[in-house]
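Novice: build me a structure from this.
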Amino acid sequence: MTAVAIQEPEKYTASELKNGIKGGRKLQTQLAKKLHVESGVEVSDYGCTLDDIKKISDHLKVQINVIDEEQFNELVYSTTNYDRKVYLHKSGNHFDVITSMPAFLCKDYYCHTCKKAYAHRDRHRCPDKCVACFRYFPDGKKCNGNPVECDKCFRTFFGNSCLENHLEPRGKGAETVRSSIFQCWKCG
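Specialist: Okay, here's the model as predicted:
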């Protein structure tokens, strides 16, 4: 239920979030039982099975990824790909929410497409990322267009939108691609 509350905080009061759901109190148990009923999963003393997790995932329209402690913290299960993602750490028959995959894996970044952690944003090669502007395209579409060269960093981009993407900050207070990656104008 903590994962659901993190995904949809607008559904809960500040008090419920602070004291009830994240605190593991009675409200969390009530909401978990309600979720089981709504998603057609039987409440069991032995916890949820992977089939149960699939039903809950489909009901909530959330991709649930299970990291198993007994398998050396490897990703062992992933449900249908939805925009919203939840990561659970399985220990025996108990599941805990992983609120940050990069923190859990002691890395700076985590790619939800490749399911890999990495330390350097610019070095990660992902099939969903443009190699020029580094923008992610989870729908599989890529930057395309006639080659356009930037007059400041001397790199070539796949059309005007790709060129514009590299001028945008890559996160809160982050630098742009143009300010961090250059190509030598003499030797290319």
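
Novice: could you list the domains of the chain?
Specialist: Following automatic domain parsing, one finds the domains of the chain at 2-99, 130-188.

Novice: out of the ones you listed, which gets nearest to residue 108?
Specialist: Evaluated over the domains of the chain, closeness to residue 108 peaks at domain 130-188, with 11.5 Å, by Cβ to Cβ. (Each C-beta comes from the backbone N, C-alpha and C, glycine too.)

Novice: residue 133 and residue 144 touch, don't they?
Specialist: No - the criterion here is Cβ atoms under 8 Å, and residue 133 misses it with residue 144 at 11.8 Å.

Novice: looking at these two, which is more packed in?
Specialist: More neighbours surround residue 133 than the other of residue 133 and residue 144, with 23 against 10 (other Cβ atoms under 10 Å).

Novice: now that one: closest residue in space that isn't a chain neighbour?
Specialist: residue 165 (3.7 Å; Cβ to Cβ, 6 or more residues apart in numbering).

Novice: same check, this time on residue 125
Specialist: Nearest one to residue 125, counting by Cβ to Cβ, 6+ apart, is residue 131 at 7.9 Å.

Novice: that neighbour: helix or strand, and which one exactly?
Specialist: Residue 131 belongs to no helix or strand when assigned by DSSP states H and E.
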